[in-house]
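Peer 1: got a sequence here, can you build the structure:
(2 chains)
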There are 2 protein chains.
Amino acid sequence: MTAVADLAPSVSDDPDARHASVSERPLSGVRVVECAVYIAAPSGGMALARLGAEVIRIDPIGGAPDRGRWPVAPSGESLYWAGLNQGKRSVVIDLRSERGREIATELATAPGPDAGILLHNRARRSWLDDASLRRHRHDLVHIVVEGLRDGSPALDYTVNARVGVPYLTGQADGAGVVNHVLPAWDLLTGATASTALLAALRRRDRTGLGALARISLEDVATAAMADLGWLADAQLTGSDRARHGNQLFGTYGDVLTTLDGQPVMVIAMTERQWHALQAATGTTEAFASLATTLGLELDTEEGRYEHRALISAVLARWFAEQTLDDALEALRRTGALHAAYGSLAQLARELARPGTDSVVDLVDHPGIGTVLTAGSPVRLSDVESAAMSAPRLGQHTTEVLSGVLGLSHAEIGRLLQDGVVAGEAA
Amino acid sequence: MTAVADLAPSVSDDPDARHASVSERPLSGVRVVECAVYIAAPSGGMALARLGAEVIRIDPIGGAPDRGRWPVAPSGESLYWAGLNQGKRSVVIDLRSERGREIATELATAPGPDAGILLHNRARRSWLDDASLRRHRHDLVHIVVEGLRDGSPALDYTVNARVGVPYLTGQADGAGVVNHVLPAWDLLTGATASTALLAALRRRDRTGLGALARISLEDVATAAMADLGWLADAQLTGSDRARHGNQLFGTYGDVLTTLDGQPVMVIAMTERQWHALQAATGTTEAFASLATTLGLELDTEEGRYEHRALISAVLARWFAEQTLDDALEALRRTGALHAAYGSLAQLARELARPGTDSVVDLVDHPGIGTVLTAGSPVRLSDVESAAMSAPRLGQHTTEVLSGVLGLSHAEIGRLLQDGVVAGEAA
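Peer 2: Numbering: from 1, shown residues only, chains lettered A, B, ... in the order given. Got it, this is the predicted structure:
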């Protein structure tokens, strides 16, 4: 591991690379207080940290319930927690104590045009009530992430159950429900929250108005179903579209298997992609003659969708005679849209290889070691978007209380002694 | 349909509801020019429109390749296109003509602190080259959505193939790959783009600096795999975690089936949820005695994850004896985290019911009719987030050329006549 890390140091450890930045990161100076657990809100906060914001994550003593979430490193430290809190500052406060809640409130409502921004998913905590907070700062930008629209708890998997996706996933002839694995609604809700936060901040910059914005996993998921036209389709037809297995809906796309048993995703959405796919697989004449003899329209997306089983059957013969390498080479040559499937372990091996250009880097995290860590997927031409390490829990408690709230060393010492706040565990 | 629409009018058609807004929408006045197809970039543009931005979507004559994407209404109009372009202004320009590209450039680089913002996914078009555009406006905010990190084309499904998710999805004992159905990477990339755009805009507001930001589906997907800790886990263990079927990873969550054959998702992540689940199903004593007699730790997330098969086996007996209604009632009573599964058609029926409080509303779209349409999933306390209708293709060409570029009626008439721009098709 160390050897690999030496060969491909994280930019944050490399003074030269760090100084390659020519501009300030876009959110430089902006301070966001985050009081949240699990994926949605923390991922939104991290997106802001990656764009340069100072994100102060407040955790209760000992950490929030997501402190130990799997996957974990051999040391027992959570890879999940480290992954979702990179570049944040960690402050630990006893949120059950009156004084602790006061301190958290002061942090969230601190003055200045770049402060007074709060992101949380704890709508039911009375101290996070919007009206109470606004008494401390009337123009607070207050972003609340919720489960259901009515504020009741829900997680990605329970929300997904309600929006129909599990009945559309999996084998075409399968029955029952298939859950997705990716917590897509969490991640999308987090990104929606970061967009909302910046929009509200711009309005405050311009007009002085604060904002309370509530964003639920349920609304994000339901809106997506509507935005894709799927909900309107179900409404107009009164029924669900069929399960498509690995095939795409409304166009041609399918998984084909090579001689060596490897799956390849191929897609022919545009006419150019369709011609490239035929050229790569030597099926141009075969499809032309099928179109003529059977009177099929294959040159439109709709036509390819209708006849997708036939298209796959013809292509399958070619794939069955190629090794994966040969198939990929032929598809690449004609510019056919395709992808080989890879496992997470394969991806990790590939990305850990020195010199690989990707969004991830090897970064050392406290208590974990050097692991593949993402920088910002937003690549600005004039700013480094290097991967950052996760804080230790409570690492920045003293620094933040002193720097943001101006508490004296003696005051902070008393708070630590009284257990109102906690620093890094020894 | 009309009857339903009458009972639950879209807010945009209801003057009273519209006037309930007390503040300006957060991005009111901001003008974004969008030149994009499919899902990612258009969904990012729509998120901004929902927050109040004026989003001008530029399409080529006849529409971009996504103009007719499925699902489609009985009229043949695309529900997908309508879904992803709500609240935008549609301008049609012949982008193969020099004059057309000039006009598009002028729109994207128009002066003013709220303009000069461009979002597109056409990185390979030479007229959208950053340096050329910046000659027209040096502080352009220029957001480019790409497929792969190196700029080559990719779609959600091909990117998903590369990040390992299809090997983790589907039945625990299944083989091969299972594609997701939801274009999660597209949607997440769109939301990442809208966040990036607003961050860059704030920097410009503060410093006068423009920005070029590139965001690829590949980087967004790879970063998510890293952020969840999954990539680091695969790196450290050198192998892939097992497929979990419908069970959650790292905690207890599973699908159980009721007497009437209905699936129910139940989750016990926190201790509170675990106690509520046991109480609802009358299994508290059974699990206590199992824990004692077999020496199992079930009161930690890790323990419940390890013994998830056993937990499900015990719970399955209870579910098999309850109807869905009875099971839901019992789970609700104790506050156990759960969800019944519903199909898209069920969801559509439920949401079309008058008086249902949800993020969607019945909105009339040109050429389509009145369909379930999402408002903003960001609910601001002082602003209406009503669902908006999609434009007709070219509906705003004349208005935008006159209003934004100040072209005269005579000039616009000539452009229309020469086919450089097009209005709404008759």
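
Peer 1: please count neighbours and contacts with C-alpha atoms only from this point.
Peer 2: Will do.

Peer 1: name the SS class of A:Gln278, please.
Peer 2: helix (DSSP: H, G, I helix; E, B strand; the rest coil).

Peer 1: give me the nearest residue to it, chain neighbours excluded.
Peer 2: Nearest residue to A:Gln278 in three dimensions, chain neighbours excluded: A:Thr284, at 4.9 Å (C-alpha to C-alpha, 6 or more residues apart in numbering or on different chains).

Peer 1: what's the neighbour count on that neighbour?
Peer 2: 15 (other C-alpha atoms under 10 Å in any protein chain shown).

Peer 1: correct me, but it touches A:Leu290?
Peer 2: No. Counting by C-alpha atoms under 8 Å, A:Thr284 does not reach A:Leu290; the two are 10.0 Å apart.

Peer 1: pull out the buried positions in the helix or strand where A:Leu351 lies.
Peer 2: Assigned by DSSP states H and E, A:Leu351 belongs to helix A:344-352. For helix A:344-352, a neighbour-count test (16 or more other C-alpha atoms under 10 Å in any protein chain shown) marks A:344-349, A:351-352 as buried.

Peer 1: burial count for A:Thr292?
Peer 2: Residues near A:Thr292, counting by other C-alpha under 10 Å, number 11.

Peer 1: would you say it is within a strand?
Peer 2: No. Per three-state DSSP, A:Thr292 lies outside any strand segment and is helix.

Peer 1: before we move on, back to that, what is the helix holding A:Leu351 packed up against?
Peer 2: The contact analysis (3 or more C-alpha pairs under 8 Å, 6 or more residues apart in numbering or on different chains; DSSP states H and E) places helix A:344-352 against strand A:360-365, strand A:369-374, helix B:230-237.

Peer 1: ok and the first one relative to strand A:369-374, angle-wise?
Peer 2: With axes from the mean of the first three to the mean of the last three C-alpha atoms, to 10 degrees as the criterion, the two stretches strand A:360-365 and strand A:369-374 enclose an angle of 140 degrees.

Peer 1: strand A:360-365 vs chain B: in contact?
Peer 2: Yes. Using C-alpha under 8 Å from any C-alpha of the partner chain, strand A:360-365 comes into contact with chain B via A:Val360.

Peer 1: give the pairing partners of that strand; include direction for each.
Peer 2: strand A:369-374 (antiparallel) (DSSP bridges).

Peer 1: let me know the pLDDT of A:Gln171.
Peer 2: Looking at A:Gln171, its pLDDT is 90.

Peer 1: and the helix holding A:Leu351 with strand A:360-365, angle?
Peer 2: Going by the same axes, to 10 degrees, helix A:344-352 makes 90 degrees with strand A:360-365.

Peer 1: give the rounded mean pLDDT of helix A:344-352.
Peer 2: For helix A:344-352, the mean pLDDT works out to 97.

Peer 1: any idea how far it is from the chain center?
Peer 2: 19 Å (C-alpha atoms, centre = their mean, to the nearest Å).

Peer 1: got phi/psi on A:Leu337?
Peer 2: The phi/psi pair for A:Leu337 (degrees, to the nearest 10) reads phi -80, psi 120.

Peer 1: contacts only, for it.
Peer 2: A:266-268, A:273, A:277, A:331, B:153-154, B:158 (C-alpha atoms under 8 Å, 6 or more residues apart in numbering or on different chains).

Peer 1: please apply the same query to A:Val178.
Peer 2: Here A:Val178 is in contact with A:166-170, B:169-171, B:245-246 (C-alpha under 8 Å, 6+ apart).

Peer 1: 7 Å instead?
Peer 2: Going by C-alpha atoms under 7 Å, 6 or more residues apart in numbering or on different chains, A:Val178 touches A:166-167, A:169-170, B:170, B:246.

Peer 1: nearest to B:Val181 among the contacts of A:Leu337?
Peer 2: Set against B:Val181, the nearest of the contacts of A:Leu337 by C-alpha to C-alpha is B:Thr158 (12.4 Å).

Peer 1: so where do the strands sit in the stretch 101-250 of chain A?
Peer 2: A:117-120, A:141-146, A:211-216 (DSSP state E, counting those that start in this stretch).

Peer 1: would you list these in TSV and tack on distance to chain B and mean pLDDT?
Peer 2: Below are the strands of the stretch 101-250 of chain A laid out as TSV (distance: least, C-alpha to the nearest C-alpha, whole Å; pLDDT from 0 to 100):
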stretch	distance to chain B	mean pLDDT
strand A:117-120	13	98
strand A:141-146	9	98
strand A:211-216	4	98
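
Peer 1: just give me the longest helix of chain A.
Peer 2: Longest helix of chain A, by residue count under DSSP state H: helix A:184-207.

Peer 1: buried set for it?
Peer 2: A:184-205.

Peer 1: show residues contacting that helix.
Peer 2: Against helix A:184-207 from outside (C-alpha under 7 Å, 6+ apart): A:39-41, A:43-45, A:48, A:141, A:143, A:156, A:209-211, A:215, A:217, A:220-221, B:26-27, B:184, B:188, B:191-192, B:194-195, B:198-199, B:378.

Peer 1: then stretch A:418-426?
Peer 2: Residues contacting stretch A:418-426 (C-alpha under 7 Å, 6+ apart): A:61, A:92-94, A:97, A:99-100, A:392-395, A:397-398, A:415-416.

Peer 1: tell me where the model's unsure across the stretch 301-426 of chain A.
Peer 2: Applying pLDDT under 70 to the stretch 301-426 of chain A flags residues A:426.

Peer 1: flag every residue of it that's near chain B.
Peer 2: A:338-345, A:347-349, A:359-360, A:371-374, A:377-381 (C-alpha under 7 Å from any C-alpha of the partner chain).
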